[in-house]
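K.L.:
Let me see the structure of the following:
(chains A and B)
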Amino acid sequence: GAVVSQHPSRVICKSGTSVKIECRSLDFQATTMFWYRQFPKQSLMLMATSNEGSKATYEQGVEKDKFLINHASLTLSTLTVTSAHPEDSSFYICSARDFVTGYGYTFGSGTRLTVV
Amino acid sequence: EDQVTQSPEALRLQEGESSSLNCSYTVSGLRGLFWYRQDPGKGPEFLFTLYSAGEEKEKERLKATLTKKESFLHITAPKPEDSATYLCAVQAGSGTYKYIFGTGTRLKVLA
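P.N.:
Presented below is the predicted three-dimensional model:
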């Protein structure tokens, strides 16, 4: 089945620095990927839709300048958290769909970001 | 406004004690309903897709059903390894592939 690889799985950074998270579709091409944020014991909240070769579409309330998304190829999307603050600490998850097999979206394993 | 609600929020079962999880939805133009399993610190793992009322899908001890207003995830004779958070999500409307997630049900199966 479709596999989405997400790295890193855990990252700790200092306030004010930037962190990049990668999401790769390993065995299929993904023209669209999604980025979610999840707080403890809460469900997934969609942050943005990443489109290959074009600008990402952000959900209401998500700061475009803080959460930079780049989808430069059909297999790679990146989320950069810029000037991170402790309140950005969260679990970030990406997903993509293999339209060939038609199954539900496949999710990455997530990235636990801690800003100190 | 499109909405997805899951109940119960948390559920504790004894091993072998069957039960059902509920996912109620109010959306305009359901395109699909999806069930996922999520283990702590991991991304959701795909279980089922349901597209129309009356549809059923089965996988091992799990069976998902769909009506026009809700979906059930039935767990038959659960084992401790079935302990996880179960999420449902819907796709609705035209021209969009976005998911709307429910809040999840945290299941704990005791040996």
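K.L.:
and the residue of chain A found nearest chain B, bridged to which residues?
P.N.:
Nearest residue of chain A to chain B: residue A:107, at 3.6 Å (Cβ to the nearest Cβ). To be clear about C-beta, it is placed using only N, CA and C from the backbone, and glycine gets the same treatment. When bridges are called by DSSP bridges, residue A:107 pairs up with residue A:95.
K.L.:
I figured it hits residue B:43, correct?
P.N.:
Yes - using Cβ atoms under 8 Å, residue A:107 is in contact with residue B:43, at 3.6 Å.
K.L.:
need the residues of chain B near chain A, please.
P.N.:
Residues of chain B lying close to chain A (Cβ under 8 Å from any Cβ of the partner chain) are B:32, B:34, B:36, B:41-46, B:48-49, B:87, B:97-99, B:101-104, B:106.
K.L.:
how about low-confidence regions in the chain?
P.N.:
Using chain A here. A:1, A:99-103 (pLDDT under 70).
K.L.:
if you could check chain B rather than the one you did, that'd help
P.N.:
Using pLDDT under 70, the flagged stretches of chain B are B:94-96.
K.L.:
in it, what residue is nearest chain A?
P.N.:
For chain B, Cβ to the nearest Cβ, closest residue to chain A: residue B:43, 3.6 Å.
K.L.:
can you pull the contacts of that residue?
P.N.:
Contact analysis of residue B:43 by Cβ atoms under 8 Å, 6 or more residues apart in numbering or on different chains lists A:4, A:6, A:93, A:95, A:107, A:108, A:109, A:110.
K.L.:
what sits opposite the first one in the beta ladder?
P.N.:
In this case it means residue A:4. residue A:25.
K.L.:
Now residue B:82: closest residue in space that isn't a chain neighbour?
P.N.:
residue B:109 (5.2 Å; Cβ to Cβ, 6 or more residues apart in numbering or on different chains).
K.L.:
partners of the helix or strand where the one you found lies, with directions?
P.N.:
Element membership for residue B:109 (DSSP states H and E) is strand B:105-110. For strand B:105-110, the paired strands and their directions (DSSP bridges) are strand B:10-14 (parallel), strand B:84-92 (antiparallel).
K.L.:
Mean neighbour count for the ones you listed - can I get that in JSON lines?
P.N.:
Below are the strands paired with strand B:105-110 laid out as JSON lines (neighbours: other Cβ atoms under 10 Å in any protein chain shown):
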{"stretch": "strand B:10-14", "mean neighbour count": "14"}
{"stretch": "strand B:84-92", "mean neighbour count": "23"}
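K.L.:
Figure out which of those is closest to residue B:67.
P.N.:
Between residue B:67 and the strands paired with strand B:105-110, the tightest spacing by Cβ to Cβ is seen for strand B:84-92, at 13.1 Å.
K.L.:
Can you tell me what sits against the closest one?
P.N.:
A:43-44, B:2, B:4, B:6, B:21, B:23, B:25, B:27-40, B:44, B:47, B:71, B:73, B:97-102, B:104-107.
K.L.:
Thank you, goodbye.
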